[in-house]
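A.B. asks: Give me coordinates for this.
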Amino acid sequence: MKLQVIGHPDAVLGFELVGVHGRAAATAAEVNQALDEALASSDIGIVLVTEDVARLVGARMDQLKLHSTVPLVVEIPAPGGPRPDQPTLSELVRHAIGVRI
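C.D. replies: Prediction:
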């Protein structure tokens, strides 16, 4: 299974430098198209989406983060770092499965 990143051009470039395919997106239509293609691919196991572009399709990302299995859709911080209003990974895990890490 492959990993793919969708998001800010700087993040996509950084991932591509280490061999991870990515797709830069700046509009909701571009994000939705990239997500549609990633979800339809049988090769992709994990889709990383940067926070800045995830906000463009907020409702869809919320749905995918909670219910996606293969590929697993995960929101990651944009190049500027995580937003202060975002829950930490440990808070997400505690909410999802009730285990504190």
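
A.B. asks: Checking my notes, residue 49 in a strand, right?
C.D. replies: Yes - remark: residue 49 belongs to a strand, assigned using DSSP: H, G, I helix; E, B strand; the rest coil.

A.B. asks: Using CSV, write down the CA coordinates of the helix or strand where residue 62 lies.
C.D. replies: If you go by DSSP states H and E, residue 62 is part of helix 58-67. C-alpha atoms of helix 58-67 as CSV (Å, rounded to 0.1, in the frame of the first residue of the first chain):
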residue,chain,number,x,y,z
GLY,A,58,-14.3,20.7,6.2
ALA,A,59,-17.5,18.6,6.4
ARG,A,60,-16.1,16.0,4.0
MET,A,61,-12.8,15.8,5.9
ASP,A,62,-14.7,15.4,9.2
GLN,A,63,-16.6,12.5,7.7
LEU,A,64,-13.5,10.8,6.2
LYS,A,65,-11.4,11.2,9.4
LEU,A,66,-14.1,9.4,11.4
HIS,A,67,-15.2,6.7,9.0
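
A.B. asks: list the buried ones in that helix?
C.D. replies: Neighbour counts using 16 or more other CB atoms under 10 Å place 61, 64, 65 of helix 58-67 among the buried residues. Heads up, the C-betas are built off the backbone N, CA and C, glycines and all.
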